[in-house]
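coords below, sequence missing:
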């Protein structure tokens, strides 16, 4: 994808204008941080000794997400590289039909913006690299 696509994407990421489709950016701007919309970091619930959904995002985020099965939905994989529609993380962020439990973040709204979700979708489409 060309830089023009990424420039346009940065215009829609709302409260995280520096967000880009890399794991390090998603981790820094979404997983570990709050944003100006008031959305709390994912690690508010997904960290510590008993993380929500048995998903601890305070350490190696790549190993916690990519090709890992969901703890609560049999057969679901959190992040399927190259396939956001089959990635349970993507489904949970969108609040797709068929998810177990609530849309993430569970304490929302606010939820991630469409632009923030689009960045995560693009990272998964591009192979969910550990970058």
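Yep, it's here. All figures in this text were calculated on a predicted structure; none of them were measured in a lab.

Lowest mean pLDDT among the helices and strands of this structure, which one is it?
helix 3-12 (a mean of 58; mean pLDDT, DSSP states H and E).

list the helices and strands the following helix or strand past it packs on?
Helices and strands here follow DSSP states H and E; after helix 3-12, the next one along the chain is helix 23-26. Applying 3 or more Cβ pairs under 8 Å, 6 or more residues apart in numbering; DSSP states H and E, we find helix 23-26 packed against helix 114-125. No exception for glycine: its C-beta is placed from N, CA and C like everyone else's.

buried residues in the helix it packs on?
The neighbour-count check on helix 114-125 (16 or more other Cβ atoms under 10 Å) flags 115-125 as buried.

How about stretch 88-97?
88-94.

which of these sit farthest apart?
With distances taken as Cβ to Cβ, the most widely separated pair in the buried residues of stretch 88-97 is 88 and 94, at 10.7 Å.

Enumerate every residue touching the nearest residue to residue 18 once chain neighbours are set aside.
Take residue 18 and drop its neighbours on the chain: the residue closest to it by Cβ to Cβ, 6 or more residues apart in numbering is residue 29, 6.3 Å away. Applying Cβ atoms under 8 Å, 6 or more residues apart in numbering to residue 29 gives the contacts 16, 18-19, 35.
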